[in-house]
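> Okay, sequence plus prediction incoming.
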Amino acid sequence: MGSKFHTDLSQELLLMLNDADDHNVVIQTGTGQNIKEFRAHSNILRARSPYFKSALSANWITKNKNMIEFKKPNIHPTVFEIILKYIYTGEVDLSNQSGDNILGVLVATDELLIEKLFNYVQDHLIEKQFNWVKQNYVLVLHTVGKLASCIKLYDYSIESICKDPKPLITSKDFPSLDKDILYGLLKRDDLRIEEIDAWDYLLKWGIEQTSGLGSKNNDRKKWNDNNYKALKKTLDRFIPLIRFVDISSSDFFDKIRPYRAVIPHHTYEEIAEFYYKDTLPETTTFPSRNAKVQIESKLIKLNLACVIAGWIEKRNDKELSNKYNFQLLYRGSQDGINVNTFRSKCNNQGRCIVLVKHQESTKIYGGYNPLGFTNCGGQWRSTSESFIFSFESGRNIQNTNISRVNSSYYSYAIYEYSSYGFSFGNTFYMNSDNRIYFCNQGYYDNNINTVLSPYMNQSGNFVPQEIEIGLAAALSNQPISIIAALLNYNNPYVTIENIVLRLLYYSVQITNEEWESLRRPGEFGTTKVVSPKRRMMTPYECILEDLSRTDLIEEAPDYPPPYNVQSSLDAKFRQFLEREVNASAQQSLYAQQLTFHCRTISV
């Protein structure tokens, strides 16, 4: 086996770069006061860079006293020095370089076609320098957006902005953001921003982009008709991207109505009609952002609700397999902060999210109870899915903490006691005195209350400023077969219609075999010939057609109990359907169709 001496080779080539007397290329970099010349060897440059291989060919070179002269004014000397050292030694150290210099190396290596160094620098910016990238989103996006090979950094930046737009929209450079980049962001359904904030920052951007306005003329009271017309022209393509139906009526009155002159007349009339008559606009059709997660809360914003949904599924919140609707069940400020009211509002409702805010701190505390609250008293309940958490504030996704139930104490995850509101293993609970208590029992992995210790009394409790309980309703997108659905809801009174409705509700991805059987009217798994019409229909259309026909009763297979459109849903399953479907009836066509069937068919 041969030996390798790469280190020695690198050191000797570096000496050759710095001390040799046989250089035949002079490269001048930079402009103005930042001009510097570098000496190099054409053979090494040509061997290490396809760009130099072409640029230093006989047809392109300029010589002065047998020395090839080459100018690169667009590359800063510090940047070129890093690249030249890499060309000679194959080594690079970016640990002490500024973000500007590293970005410069990325752009220069793209131009010089030094692929390995380019890929390394792009990964370095994502993995080691992304805090700098976030502080300079506009510079980075404007720079790499012009380079097709920088798609990895560009996409990563856009995805990060969608997850947390605050660093971008609050930066001093935001008003100079390229209009196409802003358009692409506002068009996305996964941009985690309150819609009124999207409107506010769009206005801020538009004012700075409009001639005659900007920082010198941003007082609306001093504007004339021409100013409004100019701003309208700037914002014209962006207005349809604002989801006005997600803006409250008070914000509409205070923040949108004063700018009605910049909104197309028909659009404004539709929006106004929505607020006055609750009629959905016909032409402003963009769906709500973050359609996978909806929440009714005054304590946390949508971005934190998405974090909670990710914790529920134990996955990145960008990869949620379900849609979540955190429907408000209880709010202390409107229902009263007391255990009895809490229990009357929250018992037997299903899995819940708890949110608590302290009077003297911005922190939010909470927990996820997958079992729901019940009337049973003095009973421990077992689950591996519950967790408690804390947020620095209701908006900030930084400094989030989660503590899952300890694997040795699943049996102590939830404690049900009639005198308590909620209790996560007596670790985080609402006591009969309506105060919030923390007690490190060890049933949950981490302690989430340490920063609150200055605000608690000696007994380790505090008076909450606000408590919210949300029903964590999920609309599954996971494939469920007919057999799996039957097993999933094992009840002798559930008929085939019940299962079909359940499948429809869950927007099921039905297998090809089941699809074929569903095309056969009234028959699941038989060999009856499929009509041409049925063969062109989706499984959902087949289901709806079957549900609308009474003649299928005679053709139905002999399931126990028989297929019978007049049989009754048991109360529990009906409540499940009506509660969860009604809560998300606007989310999809199938949910709306199911709601219709639940209300009109006596099943």
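Yes, it's here.

> where along the stretch 1-150 of the chain do the strands fall?
Taking DSSP state E, counting those that start in this stretch as the criterion, the stretch 1-150 of the chain carries its strands at 25-29, 36-40, 62-64, 67-72.

> Reformat those into a markdown table and put distance to Pro165 next to each item.
For glycine as for every other residue, the C-beta is placed from the backbone atoms N, C-alpha and C. As requested, the strands of the stretch 1-150 of the chain are arranged in a markdown table below (distance: least, CB to CB, whole Å):
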| stretch | distance to Pro165 |
| --- | --- |
| strand 25-29 | 37 |
| strand 36-40 | 40 |
| strand 62-64 | 49 |
| strand 67-72 | 37 |
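
> Would you mind giving those as CSV with mean neighbour count, mean pLDDT and distance to Ile337 added?
Shown next, in CSV, are the strands of the stretch 1-150 of the chain (neighbours: other CB atoms under 10 Å; pLDDT from 0 to 100; distance: least, CB to CB, whole Å):
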stretch, mean neighbour count, mean pLDDT, distance to Ile337
strand 25-29, 19, 89, 67
strand 36-40, 16, 88, 68
strand 62-64, 9, 77, 81
strand 67-72, 16, 86, 68
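
> On the three-state scheme, Ala472 is what?
The three-state assignment at Ala472 reads strand, by DSSP: H, G, I helix; E, B strand; the rest coil.

> gap between it and Trp311?
Noted for Ala472: a distance of 11 Å to Trp311, by CB to CB, to the nearest Å.

> Can you check which residues contact both of these two?
By CB atoms under 8 Å, 6 or more residues apart in numbering, Ala472 and Trp311 have these common neighbours: Tyr368.

> partner residues bridging the closest residue to Glu296 other than its chain neighbours?
On the basis of CB to CB, 6 or more residues apart in numbering, the spatially nearest residue to Glu296 that is not a chain neighbour turns out to be Leu328, at 3.9 Å. The bridge-partner assignment for Leu328, based on DSSP bridges, gives Gly470.

> Toward the C-terminus from the host helix or strand of Glu208, list the very next helix or strand.
Using DSSP states H and E, the secondary-structure element containing Glu208 is helix 195-209. Helices and strands here follow DSSP H and E; after helix 195-209, the next one along the chain is helix 225-235.

> buried sites along that next one?
Buried residues in helix 225-235, counted by 16 or more other CB atoms under 10 Å: Asn227, Tyr228, Ala230, Leu231, Lys232, Thr234, Leu235.

> before we move on, the earlier item: now the angle between helix 225-235 and the helix holding Glu208, please.
Between helix 195-209 and helix 225-235, the angle comes out at 110 degrees (axes from the mean of the first three to the mean of the last three CA atoms, to 10 degrees).

> name the helices or strands packed onto helix 195-209?
Other helices and strands packing on helix 195-209, by 3 or more CB pairs under 8 Å, 6 or more residues apart in numbering; DSSP states H and E, are helix 179-187, helix 225-235.

> 7 Å instead?
If you count contacts as 3 or more CB pairs under 7 Å, 6 or more residues apart in numbering; DSSP states H and E, helix 195-209 packs onto helix 225-235.

> Let me know the angle separating the helix it packs on from helix 179-187.
With the same axes, to 10 degrees as the basis, helix 225-235 and helix 179-187 are set at 70 degrees to each other.

> quick one: which of the strands of the stretch 1-150 of the chain is nearest Glu111?
When those are compared by CB to CB, strand 67-72 sits nearest Glu111, at 8.7 Å.

> Give me the residues contacting the closest one.
For strand 67-72, contacts defined as CB atoms under 7 Å, 6 or more residues apart in numbering pick out Asn24, Val25, Val26, Ile27, Gln28, Thr29, Ser42, Leu56, Ile61, Thr62, Lys63, Phe80.

> could you redo the last one with a cut-off of 6 Å?
Taking CB atoms under 6 Å, 6 or more residues apart in numbering as the criterion, the residues outside strand 67-72 that touch it are Asn24, Val25, Val26, Ile27, Gln28, Thr29, Ile61, Thr62.

> cool, stretch 414-423 as well?
With contacts defined as CB under 6 Å, 6+ apart, stretch 414-423 is touched by 339, 342, 354, 369, 371, 374, 376-381, 426, 429-430, 432.

> For that stretch, buried residues please.
Taking 16+ other CB under 10 Å as the basis for neighbour counts, the residues of stretch 414-423 that come out buried are Ile414, Tyr415, Glu416, Tyr417, Tyr420, Gly421, Phe422, Ser423.

> before we move on, what about stretch 378-393?
Trp380, Arg381, Glu385, Ser386, Phe387, Ile388, Phe389, Ser390, Phe391, Glu392, Ser393.

> What ranges in the stretch 401-550 of the chain fall below the confidence cut-off?
Applying pLDDT under 70 to the stretch 401-550 of the chain flags residues 441, 449-459, 474-550.

> Enumerate every residue touching Glu208.
Under the criterion of CB under 6 Å, 6+ apart, the contact list for Glu208 reads Pro175, Gly214.

> Check the spacing between it and Lys221 real quick.
Glu208 sits 18 Å away from Lys221, going by CB to CB.

> And Ile308, by the same measure?
The span separating Ile308 from Lys221 equals 42 Å under the rule CB to CB.

> ends of stretch 245-263, how far apart?
The first residue of stretch 245-263 is 15 Å away from its last residue (CA to CA, to the nearest Å).

> what's the answer for stretch 229-244, then?
Between the start and the finish of stretch 229-244 there is a gap of 21 Å, counting by CA to CA.

> So which residues make contact with it?
Contact partners of stretch 229-244, identified using CB under 6 Å, 6+ apart, comprise 186-187, 195, 199, 202, 206, 209-210, 212, 262-263, 271, 286, 288.

> how about a markdown table for the residues you listed, with distance to Lys363 and neighbour count added?
Conversion of those to a markdown table gives the following (distance: CB to CB, whole Å; neighbours: other CB atoms under 10 Å):
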| residue | distance to Lys363 | neighbour count |
| --- | --- | --- |
| Leu186 | 31 | 21 |
| Lys187 | 35 | 12 |
| Glu195 | 26 | 19 |
| Trp199 | 29 | 22 |
| Leu202 | 31 | 19 |
| Gly206 | 36 | 24 |
| Gln209 | 38 | 18 |
| Thr210 | 41 | 20 |
| Gly212 | 45 | 12 |
| Val262 | 39 | 22 |
| Ile263 | 39 | 20 |
| Ile271 | 36 | 21 |
| Phe286 | 34 | 16 |
| Ser288 | 28 | 15 |
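
> Go through these and name the one nearest Asp246.
Taking CB to CB as the measure, Asp246 lies nearest Glu195 of these, at 4.2 Å.

> Now tell me which helix or strand of this structure has the poorest mean pLDDT.
Taking all helices and strands of the chain together, the one with the lowest average confidence (mean pLDDT, DSSP states H and E) is helix 589-600, at a mean of 32.

> related to what we said a few turns ago, show only the entries of the buried residues of stretch 414-423 found in strands.
Among the buried residues of stretch 414-423, the ones falling in strands (DSSP state E) are Ile414, Tyr415, Glu416, Ser423.

> Not counting sequence-adjacent ones, nearest residue to the second one?
Counting by CB to CB, 6+ apart, Tyr415 lies nearest to Ser423, which is 4.1 Å off, once chain neighbours are set aside.

> For Thr210, list the residues it contacts.
With contacts defined as CB under 6 Å, 6+ apart, Thr210 is in contact with Ala230, Leu231, Thr234.

> Please repeat the previous calculation with a cut-off of 8 Å.
By CB under 8 Å, 6+ apart, the contact list for Thr210 reads Asn227, Ala230, Leu231, Lys233, Thr234.
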